[in-house]
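Colleague: Structure for the following, please:
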Amino acid sequence: GAIQWLLQEGILKRIVTSERTYEPSDNVLTMMVEMGMAIQFSRDLGKDAKRGMTEKAKLGWFPGSVPVGYLNSYGVKGEKYVLKDPERFDIVRRCWDLLLTETKTVKQIHNIAINEWGLTKLGARGKTKRSVARSTMYTIFSNVFYCGKFQWDSEIWPGKHPPMVSLEEYDKAQDILGPRGKPRLHKYRNTYAGLIRCGSCGAAV
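Modeller: Numbers count the residues shown, from 1 in each chain. Purely as a prediction, here's the structure:
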């Protein structure tokens, strides 16, 4: 609406699109209909894209960009698979091993991975290498993706990608991280979750 007003007032001289050019003297109703159709097309396209990504999740493949240590592999159009990153998978696993020994802090593990093992991550489109920030290391250790699952659309899905750690190792890592950890989400609902009080005196248990 704001753009249409700018065009009608002559503040915008013209709007050039791939299909046609809109001038201040053009029929306003025609322009509104055409722009409304474009908006609806964009909304429908977004719904179709989300539906397609949900279908991939149901098949066990993470529909987004994978974390450090893995690579997206594109096969047939519309299909996406997850593979081990031959350059980073073993390094990230060694980082997990250091954490699970409880002998190194995340800061120390980060320094070792960067300075001694040369850990990097791929940038946009996987074309450039970038350094791994310490916050990324916390993200790695709290990401359920590494134990063979993934979180998508507020749900935990079983993945077909090769796990880097076991569920037991992942849970132990969350205990080690403490408040920074991210326990695995569960699909069941605990009816009696929350504070329990004594039926006699009312004191919190």
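Colleague: Would you mind giving both backbone torsions of residue 84?
Modeller: phi -70, psi 140 (degrees, to the nearest 10).
Colleague: next one: residue 45
Modeller: phi -60, psi -40.
Colleague: Over to the one 4 residues further on?
Modeller: Here is the backbone geometry of residue 49 (degrees, to the nearest 10): phi -60, psi -40.
Colleague: again with residue 72
Modeller: Torsion angles, degrees, to the nearest 10, at residue 72: phi -80, psi 130.
Colleague: in whichever strand or helix holds residue 55, what counts as buried?
Modeller: Assigned by DSSP states H and E, residue 55 belongs to helix 28-58. Neighbour counts over helix 28-58 (16 or more other CB atoms under 10 Å) mark 31, 35, 53, 56, 57 as buried. C-beta here means a position set from N, CA and C on the backbone, and glycine is covered the same way.
Colleague: how far away is residue 56 from residue 153?
Modeller: Distance of residue 56 to residue 153, computed by CB to CB, to the nearest Å: 11 Å.
Colleague: Please report the separation between the first and final residues of stretch 57-67.
Modeller: This stretch, stretch 57-67, spans 16 Å end to end (CA to CA, to the nearest Å).
Colleague: could you show me where the helices are in the chain, in order?
Modeller: Using DSSP state H, the helices of the chain run over residues 2-8, 28-58, 89-101, 106-115, 134-141, 167-177.
Colleague: Format these as JSON lines; extra columns: distance to residue 15 and mean pLDDT.
Modeller: Output for those, formatted as JSON lines (distance: least, CB to CB, whole Å; pLDDT from 0 to 100):
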{"stretch": "helix 2-8", "distance to residue 15": "6", "mean pLDDT": "86"}
{"stretch": "helix 28-58", "distance to residue 15": "9", "mean pLDDT": "80"}
{"stretch": "helix 89-101", "distance to residue 15": "49", "mean pLDDT": "96"}
{"stretch": "helix 106-115", "distance to residue 15": "49", "mean pLDDT": "95"}
{"stretch": "helix 134-141", "distance to residue 15": "42", "mean pLDDT": "93"}
{"stretch": "helix 167-177", "distance to residue 15": "52", "mean pLDDT": "93"}
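Colleague: Residue 17 is nearest to which of these?
Modeller: helix 28-58 (8.7 Å; CB to CB).
Colleague: and the closest one, what other elements does it pack with?
Modeller: The elements that helix 28-58 packs onto, with contact taken as 3 or more CB pairs under 8 Å, 6 or more residues apart in numbering; DSSP states H and E, are helix 2-8, strand 149-152, strand 155-158.
Colleague: Swap in 7 Å and give it another go.
Modeller: Using 3 or more CB pairs under 7 Å, 6 or more residues apart in numbering; DSSP states H and E, the elements in contact with helix 28-58 are helix 2-8.
Colleague: With residue 133 as the reference, measure out to residue 95.
Modeller: Residue 95 sits 14 Å away from residue 133, going by CB to CB.
Colleague: Then residue 8?
Modeller: 48 Å.
Colleague: No further questions, thank you.
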